[in-house]
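Participant: Next comes the sequence, and after it the predicted model I'd like to discuss.
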Amino acid sequence: MKITKRQLRRLIRESLGDWIPGIEGENEKAERENQESVAEKHSSAFVMYKALKGAGTDDKAVRRKLEQIGQAHNIKKAMQSLVDQFDVVAKSRDDEGDLVEWLRSDGMDLEAAIVEYVTQGVIRK
C-alpha cells in the first residue's frame with residue numbers, strides 16, 4: 001500500500017504532535033479551534049490580535065484592517081470599537097496592553113499614532 005507525502009505528514013503530526021514542541025497534534029488543534037469561536041475568527045479585533053501576537057507581526061493584516069476602518073462611514077466610532085474589542089480579546093487571552101501599546105511594541109509607530117489620533121485626537125511622539 002502506498003501513501004502520499006501529505007498522508008505521511010498527517011500521520012506523523014497526529015502521532016508525535018504531543019511529544020515534539022512546535023508540532024500540533026489533533027487534540028491540541030481541536031482544543032485551539034474550540035477556543036476561537038466563529039464570531040472571534042471574523043471580528044476585526046481578533047484578526048488584529050492574531051496579526052500582532054507572537055513572533056513576526058503580520059504588517060499587511062494590520063494595515064488592511066486599518067484601511068477597512070478608514071472606509072467606514074463613521075471612522076472614529078469604528079476605530080473606537082476596534083480598540084475596545086481588542087482590549088476584550090487581549091484580556092480574554094490573559095494579555096495586557098491596549099491596541100496602541102501593542103502596535104508600538106511591534107514597531108508600528110505610524111499605525112499606533114493613527115489609532116491614537118482617530119480615537120483621542122492626540123499624537124504622541
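Facilitator: Perfect, thanks for sending it.

Participant: show me the contacts for the residue nearest to the spatial centre of the chain.
Facilitator: Of all residues in the chain, the one closest to the mean position by Cα atoms, centre = their mean is Lys50, 1.4 Å from it. For Lys50, the contacting residues are 58, 61, by Cβ atoms under 8 Å, 6 or more residues apart in numbering. Any C-beta I mention is one placed from the backbone N, CA and C, and that applies to glycine too.

Participant: Go again with 7 Å.
Facilitator: Listed by Cβ atoms under 7 Å, 6 or more residues apart in numbering, Lys50 has no contact partners.

Participant: element containing it, please.
Facilitator: helix 44-52 (DSSP states H and E).

Participant: now swap in Phe86 and tell me
Facilitator: Going by DSSP H and E, Phe86 is in helix 75-92.

Participant: Please apply the same query to Arg64.
Facilitator: Assignment of secondary structure by DSSP H and E places Arg64 within helix 59-70.
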